[in-house]
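*Asks:* Provide a 3D model corresponding to the input given below.
(one chain, ligands or ions: 2)
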Amino acid sequence: MQEKGSISIHTENIFPVIKKFLYSDNEIFLRELVSNAVDASQKIKRLSSLGQYQGEVGDLLVDVKVDKEAKTITISDNGIGMTAEEIKKYINQIAFSGATEFMEKFKEANDANEIIGRFGLGFYSAFMVADKVEIDSLSYQEGAEPAHWTCDGSTSYEISEGTRTTRGTDIILHINEDAEEFLEESRIQTILDKYCKFLPVPIRFGTKSTQEEDGEDEEGKPKYKTVEVDNIINNTSPAWTKSPSELTDEDYLAFYRELYPYPMDEPLFWIHLNVDYPFNLTGILYFPKIKNELEVQRNKIKLYSRQVFITDEVKDIVPEFLMLLHGVIDSPDIPLNVSRSFLQADSNVKKINNYITKKVADKLQEIFKSDRKGFEEKWNDIGLFIKYGMLSDEKFAEKANEFCLLKNTQGESYTMKEYYEKVKDIQVDKDGNIVYLYTHDVAQQDSFIAGATAKGYDVLVLDGPLDTHMTSYLEQKGGEKIQLKRVDADVIDKLIQKDEKIELTLSEDESKKATEVFEKAISRADMKVEVDALHAEDLPVSVTLDEFMRRMKEMAKTGGG
Ligand code: ADP
Ligand code: MG
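*Replies:* Ligands and ions are numbered 1, 2, ... in the order given. The predicted model follows:
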């Protein structure tokens, strides 16, 4: 059997155009071919579990091999395979069914991912690095003949009988001169680590040597020998694909180290995301210690689609302030060949964005409620992040208002509401504004702080990088009629306690007169009347007889006395 044909495309030779256009991102050919191999493996598993395949599935494995001498890279799988008909259908036709459209549109596309995504060119990305590509495949179907396809990057292909005797597919790339870097094992290892580290089917790239126990020496100590074992580059069931109930804290921390092998501080806590409606999304977000916004490494969140790494530029999916977090997000609703303009246009992305914000806020609230002490202790590390979120995202702020902490010079922590309650009657100016005193520099304003404390006032410490913005935030959102004032002698002097207003309404003379009025009205010698607004707590008038005291107190409170 031999057959020649022409890939259905109206333009003479499209590959040079693709090649040139996609060049900057050419390493993704490996991601595309390995994920096709993984797809093919998953498919045979599914067919078997549906009873549509009676044969042995066996151990599924994707094999990546580099042959430096022959200048080839081979990606092999034992998945479903393809018949000659299927190769014609899936490989020849689909990519260029809309060739004219392609030629028109590729000019406006922004990046390689976009081209691949919009035009289903996953397989054809091989031509970014290869002059010639071969497919050798045997379908799982009973009685299928092995098929061989080859294409040299022009629009013609050749199909002949294949050589495979077992189910699956080999994709053989004849690497072109410009792409010889991909014949370096270290380069391939790096690319596999980047894109394929968490794919669901084992991926083997050569072998590696490791130490294995080999009996005992005369003293009974274990002996070791060096052995070559398969170099499996991936973890097929990463933590985010499991249920939170299966995972211990140590599992989460171990996964963090797997994600970021370079020494990093341990995360403070994490959020396991898991939603399947109205979109599908899983992932784990870690809270790093954030001392200083500038020190934190952004772009640490990795975006996956069905366990294939896509990008660590998650700008459009994750709200800006959450870019300080680390971890992974996996959503099959984000296509593998995701592109910037796709993300901006996609309505799921907006929903995903809102969902993540909500989950993060909920988690923080949960920690705050269940372990306030622990939350307060973590505040130094997460406060900056929370404030950043509050200032930049209204939805987040609504929730964070409940757990955003304010610290005073005594080292005490209050929520915004608690703080309002604490000072609302004590720190009032003559216009009735509630004045929050704050310092941005405890050492420098030491004497003013002492002065304020002596008068029973409270002073907030707002010395963080975002706290200048927090002052106006608190004025708007912290409660009614709040003004923030930096603590100094002048401000302290002008403060009054709410109850002290009564003091201002009565001079000493007036007090005396008032006493007389009360005494006259009561006209009982056994009762002593005192009008003492100057030292009043909440009782400017006292008549020392219990029952009267109660009534007078009431009168004084309602203003009727
Ligand atoms: P996509 O993966 O988005 O469908 P591709 O261009 O990557 O697009 O692949 C086109 C099609 O070719 C696949 O959908 C699949 O049917 C077939 N194919 C590619 N590689 C393999 C493989 N290793 N085994 C079986 N089928 C494959
Ligand atoms: Mg593909």
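
*Asks:* and the residue of the stretch 101-250 of the chain nearest ligand 2?
*Replies:* Nearest to ligand 2 in the stretch 101-250 of the chain, going by CB to the ion, is Gly122, at a distance of 3.0 Å. For every residue, glycine as well, the C-beta is placed using N, CA and C.

*Asks:* what about that residue, how many neighbours?
*Replies:* As a burial measure, Gly122 scores 21 neighbours (other CB atoms under 10 Å).

*Asks:* Please apply the same query to Ala361.
*Replies:* 22.

*Asks:* before we move on, what about the one 3 residues further on?
*Replies:* Taking other CB under 10 Å as the criterion, the count of residues near Leu364 is 25.

*Asks:* so which strand or helix has it?
*Replies:* Per DSSP states H and E, Leu364 falls inside helix 347-370.

*Asks:* Show me what that helix is packed against.
*Replies:* Applying 3 or more CB pairs under 8 Å, 6 or more residues apart in numbering; DSSP states H and E, one finds that helix 347-370 makes contact with strand 269-275, strand 281-287, helix 372-392, helix 394-400.

*Asks:* before we move on, back to that, thought Leu30 was touching the residue of the stretch 101-250 of the chain closest to ligand 2, still the case?
*Replies:* No - counting by CB atoms under 8 Å, Gly122 sits too far from Leu30 to count as a contact (11.5 Å).

*Asks:* Skipping adjacent residues, who's closest to the residue of the stretch 101-250 of the chain closest to ligand 2 in space?
*Replies:* Once flanking residues are discounted, Gly122 sits nearest to Glu32: 4.2 Å by CB to CB, 6 or more residues apart in numbering.

*Asks:* Which residues are in contact with the one you found?
*Replies:* Ile116, Gly122, Phe123, Ser125, Ala126 (CB atoms under 8 Å, 6 or more residues apart in numbering).

*Asks:* burial count for the third one?
*Replies:* In this case it means Phe123. Using other CB under 10 Å: Phe123 sits among 19 other residues.

*Asks:* Ile87 is in contact with that one, correct?
*Replies:* No - the criterion here is CB under 8 Å, and Phe123 misses it with Ile87 at 10.3 Å.

*Asks:* What are the buried residues along the helix or strand harbouring Val38?
*Replies:* Using DSSP H and E, Val38 maps to helix 28-49. The neighbour-count check on helix 28-49 (16 or more other CB atoms under 10 Å) flags 28-42, 44-45, 47 as buried.

*Asks:* Restricting to those, which residues neighbour ligand 1?
*Replies:* Glu32, Asn36, Ala37, Ala40 (CB under 6 Å from any ligand atom).

*Asks:* Take those and write them to CSV, including pLDDT.
*Replies:* Formatted as CSV, these follow (pLDDT from 0 to 100):
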residue, pLDDT
Glu32, 90
Asn36, 92
Ala37, 96
Ala40, 94
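
*Asks:* which one among those residues gets closest to ligand 2?
*Replies:* Asn36 (4.3 Å).

*Asks:* Now do the same contact list for the closest one.
*Replies:* Taking CB under 8 Å, 6+ apart, we find Asn36 in contact with Gly122, Phe123, Ile171.

*Asks:* got the contact list for the helix holding Leu364?
*Replies:* With CB under 8 Å, 6+ apart, helix 347-370 has contacts from 269, 271, 273, 275, 278-279, 281, 285, 316-319, 322, 325, 329, 331, 333-334, 343, 374-375, 378, 382, 386, 389, 393, 395-396, 399-400, 402-403.

*Asks:* and Thr165, which of the three is it?
*Replies:* Per DSSP: H, G, I helix; E, B strand; the rest coil, the local secondary structure of Thr165 is coil.

*Asks:* any chance of the ones next to ligand 1 among the buried residues of helix 28-49 in a markdown table, with distance to Lys358 too?
*Replies:* Formatted as a markdown table, these follow (distance: CB to CB, whole Å):
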| residue | distance to Lys358 |
| --- | --- |
| Glu32 | 34 |
| Asn36 | 36 |
| Ala37 | 37 |
| Ala40 | 38 |
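
*Asks:* quick one, helices of the stretch 101-250 of the chain?
*Replies:* Taking DSSP state H, counting those that start in this stretch, the helices of the stretch 101-250 of the chain run over residues 112-119, 185-196, 249-259.

*Asks:* Which one of the ones you listed lies nearest to ligand 1?
*Replies:* helix 112-119 (8.2 Å; CB to the nearest ligand atom).

*Asks:* Any stretches of the protein with poor pLDDT?
*Replies:* Scanning the chain for pLDDT under 70 picks out the ranges 1-2, 5-24, 93-121, 290-299, 334-347, 497-507, 524-526, 532-561.

*Asks:* and it, which residues reach ligand 1?
*Replies:* For the chain, the residues found near ligand 1 under the criterion CB under 6 Å from any ligand atom are 32, 36-37, 40, 77, 79-80, 82, 90-91, 120, 122-123, 169.

*Asks:* nearest to Leu303, of the residues you listed?
*Replies:* Glu32 (16.4 Å; CB to CB).

*Asks:* residues contacting the residue nearest to the spatial centre of the chain?
*Replies:* Residue closest to the average C-alpha location in the chain (CA atoms, centre = their mean): Leu285, at 4.7 Å. Leu285 makes contact with Trp270, Ile271, Leu273, Ile301, Leu322, Leu325, His326, Gly327, Ile329, Ile356, Val360, according to CB under 8 Å, 6+ apart.

*Asks:* The residues you listed: which ones sit near ligand 2?
*Replies:* Among the contacts of Leu285, none lies close to ligand 2 by the criterion of CB under 5 Å from the ion.

*Asks:* export these to CSV and tack on neighbour count?
*Replies:* Below are the contacts of Leu285 laid out as CSV (neighbours: other CB atoms under 10 Å):
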residue, neighbour count
Trp270, 22
Ile271, 20
Leu273, 23
Ile301, 25
Leu322, 23
Leu325, 24
His326, 23
Gly327, 27
Ile329, 23
Ile356, 24
Val360, 26
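
*Asks:* could these be laid out in JSON lines, adding distance to Pro238?
*Replies:* Formatted as JSON lines, the contacts of Leu285 follow (distance: CB to CB, whole Å):
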{"residue": "Trp270", "distance to Pro238": "14"}
{"residue": "Ile271", "distance to Pro238": "16"}
{"residue": "Leu273", "distance to Pro238": "13"}
{"residue": "Ile301", "distance to Pro238": "15"}
{"residue": "Leu322", "distance to Pro238": "20"}
{"residue": "Leu325", "distance to Pro238": "17"}
{"residue": "His326", "distance to Pro238": "14"}
{"residue": "Gly327", "distance to Pro238": "11"}
{"residue": "Ile329", "distance to Pro238": "12"}
{"residue": "Ile356", "distance to Pro238": "19"}
{"residue": "Val360", "distance to Pro238": "21"}
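
*Asks:* Now flag whichever of those is closest to ligand 1.
*Replies:* Ile329 (20.8 Å).

*Asks:* follow-up on the earlier one: now the ones next to ligand 1 among the buried residues of helix 28-49 in JSON lines, with distance to ligand 2?
*Replies:* What follows is these, written out as JSON lines (distance: CB to the ion, whole Å):
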{"residue": "Glu32", "distance to ligand 2": "5"}
{"residue": "Asn36", "distance to ligand 2": "4"}
{"residue": "Ala37", "distance to ligand 2": "9"}
{"residue": "Ala40", "distance to ligand 2": "10"}
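
*Asks:* about what we covered before: out of the contacts of Leu285, who's nearest ligand 2?
*Replies:* When these are ranked by distance to ligand 2 (CB to the ion), Ile329 comes first, at 20.8 Å.

*Asks:* which ones are touching the closest one?
*Replies:* 273, 281-283, 285, 301-304, 314, 317-318, 352, 356.

*Asks:* Before I go, just wanted to say thanks for your time.
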